[in-house]
Each structure stands twice: as structure tokens, then as C-alpha cells.
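>>> what would the 3D arrangement of this be:
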Amino acid sequence: MTDALFRQDAYLRQSKGIVVAHADRGVVLDQAVFYPTGGGQPGDRGRLTWEGGAMEVVNTLKADADDIALVPADGDALPPIGVQVSQTLDWDLRARHMRMHTALHLLSVIIPLPVTGGQIGAEKSRLDFAMEDPPEDKQALEDALNTLIARDLEVSERWITDAELAANPGLVKTMSVQPPKGAGRVRLVRIGKGDEQIDLQPCGGTHVARSSEIGRIRFGKVEKKSRLNRRFSIHLDD
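Alright, predicted model coming up:
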């Protein structure tokens with residue numbers, strides 16, 4: 001199993017690692033700073049270097065037995081099994097994903113409806129809601145989201161057991177993706193602390209440490225996807 005360093009520190013940009021396998025999906029290290037595609041968040045990109053070689057990481061995917069596979073660029077040589085490599089994350093891309101992911105959590109606060117789908121992107125992200133009628137005032141929702149962001153709320157995590165999650169089903173906002181179960185515990189992402197807490201939900205992705213790091217958000221289209229579903233798209237306004 002790959003030690004997921006991004007869970008310990010989402011701001012870690014570089015680290016060493018030992019190549020333990022060449023999997024079907026890519027190179028597996030004993031520990032990785034790269035986040036694998038999952039939960040609507042794209043896999044990280046970056047670069048591996050070792051004595052005498054280098055490999056571009058064009059995607060990161062989940063592999064067997066909780067391993068993380070780093071996908072090489074076409075034609076790149078793979079580092080030999082057992083060699084130590086230096087991992088360098090494409091930080092600009094990761095940071096945008098972190099800002100977007102946290103913004104989507106806040107979007108689910110100002111629109112307190114079941115989430116039917118979502119996708120994070122560096123340029124555009126979206127959440128789909130179980131919403132039959134269009135919003136009465138789209139600009140008011142955008143303003144409310146940016147007000148929450150500007151409050152500079154702390155973003156933290158806590159862990160609960162599978163049993164605790166089962167006893168509190170209201171924590172799960174997303175209808176389309178259920179949090180992973182069976183490992184004995186589930187990670188919750190909390191926005192706000194104490195009396196300022198405004199959100200708490202299961203999530204395995206990477207987030208900024210404070211909401212103000214998101215920056216200003218601009219709404220894109222609000223699209224009707226079906227009779228009971230509407231899609232809200234957001235952009236980083238920078």
C-alpha cells in the first residue's frame with residue numbers, strides 16, 4: 001500500500017520515494033505526494049527524477065491494494081524497481097484543485113439540497129443539485145458564496161468510525177458518490193471551527209487550510225440537466 005503523503009500535508013510539493021512496482025497503470029512508489037483521481041478530483045501531475053533519468057507524471061490513478069500509480073508520459077523510461085526517486089508536484093495545478101474543491105463544499109452550504117454529481121477542474125468545476133426550479137437570484141448565490149470565502153474560515157479534518165457515519169447519514173451530501181467504507185473509519189472535512197462551523201462532510205480530497213485562500217469565485221452557467229437536476233458551474237476569478 002502506498003503511503004499517501006498528501007493526506008498528512010496537502011501542501012507538500014516534493015518528497016523522496018522508492019519504486020516498489022511497475023503496475024499496469026503506472027509506477028508505484030512506497031510513498032507519494034500525488035493525489036489519485038477520485039471523488040470528482042482529477043489526479044495530480046508532476047515529475048520524477050533519479051540518477052540518470054526523469055519521467056513526466058501525466059496523471060495519477062488508484063491501483064490495486066490501495067496503491068497509487070503514477071502514469072508516465074508516452075515514451076518516457078520508467079525508473080527501475082528499488083531505485084530512489086525525487087517527486088515534484090505540479091503545484092499550480094494542485095493548488096487550483098484544492099481551491100476549487102473547497103469552494104464546492106461551500107457551494108453545497110449556500111445551496112442546501114442533495115448533490116447528485118460533481119467534477120473538479122482547474123478552470124471550471126461544477127456541482128449538480130436535486131433542484132426542480134431554477135434559482136430565483138443567481139447573483140445573490142454568488143455573493144453569498146464569496147461572503148463565506150472571505151470569512152477566512154479554518155478548514156480541518158476529523159475521523160469517525162463507519163458505525164458513527166451510519167448513525168449520522170445526514171453527513172453525506174452527495175447522492176452519486178458514497179464515502180469509502182470498510183476500512184473502519186471515514187475522514188470528515190470540516191469548514192469553520194466551534195461556533196463558526198458551517199460544514200462537515202465525508203471527503204478524501206485535498207483542500208486549502210483557510211477559505212480565504214480560494215479567492216473570489218465567479219458563477220458560470222446554471223444548466224437544467226433533467227427535470228429534477230440543475231448544474232452549477234464555478235470559475236476561479238483570477
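>>> verify the stated contact: Leu171 with Leu165.
Yes: using CB atoms under 8 Å, Leu171 is in contact with Leu165, at 6.4 Å. All C-beta spots, glycine's among them, are computed from the backbone N, C-alpha and C.
>>> what residues are shared contacts of these two?
Jointly contacting Leu171 and Leu165 under the rule CB atoms under 8 Å, 6 or more residues apart in numbering are Pro202.
>>> three-state assignment of the most centrally placed residue in the chain?
Centroid-nearest residue in the chain: Gly205, 3.3 Å away (criterion: CA atoms, centre = their mean). Following DSSP: H, G, I helix; E, B strand; the rest coil, we place Gly205 in the coil state.
>>> does it really touch Tyr35, like I thought?
Yes: the pair Gly205 / Tyr35 is scored as a contact, 7.3 Å apart, by CB under 8 Å.
>>> quick check: neighbours shared by these two?
Gln41, His97.
>>> figure out the helix or strand that Leu141 lives in.
Assigned by DSSP states H and E, Leu141 belongs to helix 138-150.
>>> so what's the closest residue to the residue nearest to the centre of the chain other than its chain neighbours up against?
Leaving aside its sequence neighbours, Gly205 sits nearest to Gln41 (CB to CB, 6 or more residues apart in numbering; 4.5 Å). Contact partners of Gln41, counting by CB under 8 Å, 6+ apart, are Tyr35, His97, His101, Ile120, Gly205, Thr206.
>>> before we move on, back to that, which one's more surrounded, Leu171 and Leu165?
Leu165 (18 against 15; other CB atoms under 10 Å).
>>> what about that one, helix or strand, and which?
Assigned by DSSP H and E, Leu165 falls in helix 162-167.
>>> which neighbouring elements make contact with that helix?
Counting contacts by 3 or more CB pairs under 8 Å, 6 or more residues apart in numbering; DSSP states H and E, helix 162-167 packs against strand 185-191.
>>> neighbouring strands - and their directions - for the helix or strand just after the strand it packs on?
Scanning forward in sequence from strand 185-191 by DSSP H and E, the next helix or strand is strand 199-202. Here strand 199-202 is paired, per DSSP bridges, with strand 185-191 (antiparallel).
>>> for the protein, what are the low-confidence residue spans?
175-183 (pLDDT under 70).
>>> where exactly do the helices run in it?
5-8, 91-110, 138-150, 162-167 (DSSP state H).
>>> and the ones you listed, which is most packed in?
The highest mean neighbour count among those, using mean count of other CB atoms under 10 Å, belongs to helix 91-110: a mean of 21.
>>> same for that one, what does it pack against?
Partner elements for helix 91-110 (3+ CB pairs under 8 Å, 6+ apart): strand 125-130, helix 138-150, strand 185-191, strand 199-202, strand 229-236.
>>> could I have the CA atoms of it written out in CSV?
Extracted C-alpha coordinates of helix 91-110, given in CSV (Å, rounded to 0.1, in the frame of the first residue of the first chain):
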residue,chain,number,x,y,z
TRP,A,91,1.9,22.7,-7.6
ASP,A,92,0.0,25.3,-9.7
LEU,A,93,-2.4,22.6,-10.8
ARG,A,94,-2.8,21.0,-7.4
ALA,A,95,-3.4,24.4,-5.7
ARG,A,96,-6.2,25.2,-8.2
HIS,A,97,-7.8,21.8,-7.5
MET,A,98,-7.6,22.5,-3.7
ARG,A,99,-9.2,25.9,-4.1
MET,A,100,-11.9,24.6,-6.3
HIS,A,101,-12.7,21.5,-4.1
THR,A,102,-13.1,23.7,-1.0
ALA,A,103,-15.3,26.1,-3.0
LEU,A,104,-17.6,23.3,-4.0
HIS,A,105,-18.0,22.3,-0.3
LEU,A,106,-19.1,25.9,0.4
LEU,A,107,-21.4,25.9,-2.6
SER,A,108,-23.2,23.0,-1.0
VAL,A,109,-23.7,25.1,2.1
ILE,A,110,-25.4,28.0,0.3
